[in-house]
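Trainee: for reference, the sequence and a predicted model appear below.
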Amino acid sequence: MTAPAWLRRGALGLVWLLALPFAVYAAVFGWRGLREDLSAESYLFATGAPGAETALSLHMLSGAGLTALVLLQALPVLRRRWPGLHRSLGRILVAAAGVTALGGLIFIARVGTVGGPLMSAGFTLYGFLMLWAAAETLRHARARRIARHRDWAIRLILLALASWIYRVHYGLWALLTGGWGSTQDFTGPFDRIQMFAFYLPYLALFEILRRRRRQNPLDPAGRAR
């Protein structure tokens, strides 16, 4: 049984309101990183690696736009009433996802991550998955394979929100445990789990729900792809 439309819209709106402050902060920081020397404010901008800070700034700026806009794209009313706007916004989001992923991947390739090789591996996988989801979302939309386009769009939404989810996990963990298992250099047991847990479990849960939907003969959305 699917949730009522008003409940789905309310949930999307709540998540959007909760994620918006993070998006604004990332946008401001990314914009400042393109215009100012932020090495005194953050170690991320004190790498000394040519191009790394620019890649990071673009990653933050485009990622902020992606976080702020991706849930609007998920609203069914936008697709039904303004399909042209839905398509245009979709192209913008795919481009933003590409810049976000590539900016992060370039930074990791040039500098690495504070948590070492495992963290670099986790975030590199995250970047490549975002690139893949963006490309597949666009490819299936152009081919008018609507069901597959929708599935890949949901994956892209989950990945777009994952950077915010990463921080939500840390906030909740700090409230529940006082930050047990997390260290300043991100090498604690909780940190190591987090290097993959902010996106892989959500993608796995979506795959489980998607397969159950396909097996339900009463659900029109579960027809064979």
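Mentor: Received, thanks. This one's a predicted model, so the numbers in the text were calculated from it and none came from an experiment.

Trainee: any idea which helix or strand comes after the helix or strand of the chain with the lowest mean pLDDT?
Mentor: Sorted by mean pLDDT, DSSP states H and E, the helices and strands of the chain end with helix 76-81, the least confident at a mean of 84. From helix 76-81 onward toward the C-terminus, using DSSP states H and E, the following helix or strand is helix 83-111.

Trainee: list the buried residues in that next one.
Mentor: Across helix 83-111, burial judged by 16 or more other CB atoms under 10 Å covers 86, 89-90, 93-94, 96-108, 110-111. All C-beta atoms are positioned from the backbone trio N, CA, C, and that covers glycine.

Trainee: A121: what's its closest spatial neighbour, skipping adjacent residues?
Mentor: Spatial nearest neighbour of A121, excluding adjacent residues (CB to CB, 6 or more residues apart in numbering): M195 at 7.5 Å.

Trainee: touching, that neighbour and G116? I think so.
Mentor: No. The criterion here is CB atoms under 8 Å, and M195 misses it with G116 at 9.7 Å.

Trainee: more crowded one of the two?
Mentor: More crowded of M195 and G116, by other CB atoms under 10 Å: M195, with 22 against 14.

Trainee: show me the contacts for the more buried one.
Mentor: Neighbouring residues of M195 by CB atoms under 8 Å, 6 or more residues apart in numbering: G115, L118, M119, A121, G122, F123, F186.

Trainee: how does it look with 10 Å?
Mentor: 113, 115-116, 118-123, 125-126, 166, 186 (CB atoms under 10 Å, 6 or more residues apart in numbering).

Trainee: what's around H169, how many residues?
Mentor: H169: 16 neighbours (other CB under 10 Å).

Trainee: show me what the least confident helix or strand of the chain is packed up against.
Mentor: Using 3 or more CB pairs under 10 Å, 6 or more residues apart in numbering; DSSP states H and E as the contact test, the elements touching helix 76-81 are helix 5-35, helix 83-111.
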